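Chemist: pasting the sequence and the predicted model now:
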Amino acid sequence: MAVKKESAAIENTETIAVKKTSRKHKTLEDFRGEIMERAFELYLKRVNSENMGDEIDDWVQAEAEIRKKHDL
């Protein structure tokens, strides 16, 4: 019985992955998530190097990078 539950969970995960990759166009939420991830990376880099700045600077830089990456 436990194997059946595991198998179903794996199938559900695979179905979700297929649905996400089968979309042709990114949504606004996709871009927002990508910007958020990059802003967090920039934040960590800034904090670890003790550079000046704030989370708004990180967000603006991340947004510019993602816009350039996707030619927006």
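Modeler: Thanks, I have it.

Chemist: for the rest of this, base every contact and every neighbour count on C-alpha atoms.
Modeler: Will do.

Chemist: neighbours around the nearest residue to Gln61 once chain neighbours are set aside, how many?
Modeler: Take Gln61 and drop its neighbours on the chain: the residue closest to it by Cα to Cα, 6 or more residues apart in numbering is Ala39, 7.4 Å away. Neighbourhood size, Ala39 [other Cα atoms under 10 Å]: 22.

Chemist: what residues of whatever helix or strand Ile56 lives in count as buried?
Modeler: Taking DSSP states H and E as the definition, Ile56 sits inside helix 55-69. Within helix 55-69, the residues that count as buried by 16 or more other Cα atoms under 10 Å are 58-59, 61-63, 66.

Chemist: okay if I get those residues as TSV plus distance to Glu29 and pLDDT?
Modeler: As requested, the buried residues of helix 55-69 are exported to TSV (distance: Cα to Cα, whole Å; pLDDT from 0 to 100):
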residue	distance to Glu29	pLDDT
Asp58	18	96
Trp59	15	97
Gln61	18	97
Ala62	15	98
Glu63	13	97
Ile66	13	96
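
Chemist: can I get the residues you listed in JSON lines including distance to Glu34?
Modeler: Shown next, in JSON lines, are those (distance: Cα to Cα, whole Å):
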{"residue": "Asp58", "distance to Glu34": "13"}
{"residue": "Trp59", "distance to Glu34": "11"}
{"residue": "Gln61", "distance to Glu34": "12"}
{"residue": "Ala62", "distance to Glu34": "9"}
{"residue": "Glu63", "distance to Glu34": "9"}
{"residue": "Ile66", "distance to Glu34": "7"}
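
Chemist: name the nearest of the residues you listed relative to Phe31.
Modeler: Ile66 (7.7 Å; Cα to Cα).

Chemist: tell me how far the closest one lies from Thr27.
Modeler: 14 Å (Cα to Cα, to the nearest Å).

Chemist: over to Glu37?
Modeler: 16 Å.

Chemist: thinking again about what came up before, got the contact list for the residue nearest to Gln61?
Modeler: 55, 58-59, 61-63 (Cα atoms under 8 Å, 6 or more residues apart in numbering).

Chemist: what do you get if the cut-off is 10 Å, keeping everything else the same?
Modeler: Ala39 makes contact with 33, 45, 55-63, 65 under the criterion Cα atoms under 10 Å, 6 or more residues apart in numbering.
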